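1. Model the following, please.
(one chain, ligands or ions: 1)
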Amino acid sequence: MTARPIDGKALAAALRAEVAARAAALPYRPGLVVVLVGEDAASTLYVRNKERAARAAGFESRTIRLPAETGEAELLSVIAGLNADDAVDGILVQLPLPAQIRTGAIIRAIDPAKDVDGFHPENVAALALGAPRLAPCTPRGIFLLLRAAGVEPRGARALVLGRSNIVGRPMAALLLAGDATVTIAHSRTRDLAAECRRAEILIAAVGRPAMVKGDWIAPGATVIDVGINRGADGALVGDVDYQAALGVAGAITPVPGGVGPMTIACLLENTLIAAAARRG
Ligand SMILES: Nc1nc2c(c(=O)[nH]1)N[C@@H](CN(C=O)c1ccc(C(=O)N[C@@H](CCC(=O)O)C(=O)O)cc1)CN2
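-> Got it, this is the predicted structure:
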C-alpha cells in the first residue's frame, strides 16, 4: 500500500482564494496586525508569509517589528494600542517570545474579539465547551485537511501526540467537538508506540524529527504531521518517518506542503470572522 498524500498547499490556496473573494465583497478592508519580537529566522519567515498572504487577500495588513530586548510592559502597551484601534480586526503576536516576556500575560492582554490565534482564555474556553469562536489556526487547518481528504472524525479513534497550547490541546478539543474518540499522548505516556498503533487518525505534534516510526502506524490510518524540524542541512523534516509511513498509512500530510500552509490560510479565515463579528 502507498499512502495517499494530503495536499495542504492546494487546499490552502483554495481557502485563501475563497477568503479573498469574501473580503472583496465587504464594504471595508479587514485589518490584521502581526507583532514580531526579535529576529528568530523561522518566525521572521512565517510573519513575512502572513503579511503577504493577508495583503494578497485584500486585507489591510502590517507587521510591528520590535527588538529582542523589548520588555513585557512595552509589548503590553503596543497591544493596548491595537485593542483600541478600530481599524484593527485581528492581532497576532508571533510565538515564541523572548524569555523576559511572559507569553500568558501577553495573550491575556489581547482583546478576545481580535484574538485571531484563538489563544486567549475566553476563546480556549469556548472551544473546550464545544462552541469554538476563533479556533487556533493549525488545529482548524488540520480539521479542514481531514474533511477535504474525506476522513470522518465522528466515531474515529484519534490520537493527538503532543499537548502544546498551540496545537495538541486545541486539536484534541476540535476532534472531540467533531465526535472523535480522542486520546492525548505526551512525553510521559507509558507506551507511545502502542497508543499510536491504536489510532485511526494520528496527529503528530511533538517537534521531534521522524519520531513516529512506520511500525507505530496502524495499516490504513490517516497521519497528520505537524512537525517542522530543520535538519543540519537546512531541510525540513516532520515528526513522522515519512518514507516508512508511506508504506503503511492510508493518507498522510507531507512536510513541507501539508499542515503549515493551512495555518496561514486559517489565520486569514479567522481575521475575516473577527472582522465580521466586530463590524457586522
Ligand atoms: N502566534 C503564533 N505563533 C506560532 C504559530 C501560530 O499559529 N501562532 N504557529 C507556529 C509557526 N507558524 C505560524 O506562525 C507556521 C509554521 C509553519 C508554516 C508553514 O507554512 N510551513 C511550511 C514550511 C515553511 C518553511 O520553509 O519553514 C510548510 O510546512 O509547508 C506556517 C506557519 C509557531 N508560532
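2. next structured bit after the helix or strand containing residue 33?
-> For residue 33, the host element (DSSP states H and E) is strand 31-37. Using DSSP H and E, the helix or strand that follows strand 31-37 in sequence is helix 41-56.
3. That next one: how far from the chain's middle?
-> The chain centroid and the centroid of helix 41-56 are separated by 14 Å, computed with CA atoms, centre = their mean, to the nearest Å.
4. for the ligand, what are the nearby residues on the protein?
-> Listed as neighbours of the ligand in the chain under the rule CB under 6 Å from any ligand atom: 45-46, 92-95, 117, 137-138, 166, 228, 236, 255-257, 260-261, 263-264. Placement of C-beta: from N, CA and C, glycine included.
5. Try it again at 8 Å.
-> Within the chain, the positions near the ligand by CB under 8 Å from any ligand atom are 8-9, 42-43, 45-47, 49-50, 92-96, 117, 119, 136-138, 166-167, 228, 230, 236, 255-261, 263-264, 267.
6. Which of these fall in helices?
-> Members of the residues of the chain next to the ligand lying in helices (criterion: DSSP state H): 8-9, 42-43, 45-47, 49-50, 137-138, 259-261, 263-264, 267.
7. Report the buried members of these.
-> 8, 43, 46-47, 50, 137-138, 259-261, 263-264, 267 (16 or more other CB atoms under 10 Å).
8. Residue 179 and the ligand: what is the separation?
-> 25 Å (CB to the nearest ligand atom, to the nearest Å).
9. To which secondary structure element is that residue assigned?
-> Going by DSSP H and E, residue 179 is not in any helix or strand.
10. My read is that it contacts residue 154, right?
-> Yes: with contacts counted by CB atoms under 8 Å, residue 179 reaches residue 154, the gap being 4.1 Å.
11. which one of the two has more residues nearby?
-> residue 179 (12 against 9; other CB atoms under 10 Å).
12. any chance of the buried ones among the ones in helices among the residues of the chain next to the ligand in CSV, with pLDDT too?
-> CSV is the format used below for those (pLDDT from 0 to 100):
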residue, pLDDT
8, 98
43, 98
46, 98
47, 98
50, 98
137, 98
138, 98
259, 98
260, 98
261, 98
263, 98
264, 98
267, 99
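13. List just the nearest of the residues you listed to the ligand.
-> Nearest to the ligand among these, counting by CB to the nearest ligand atom, is residue 260 at 2.2 Å.
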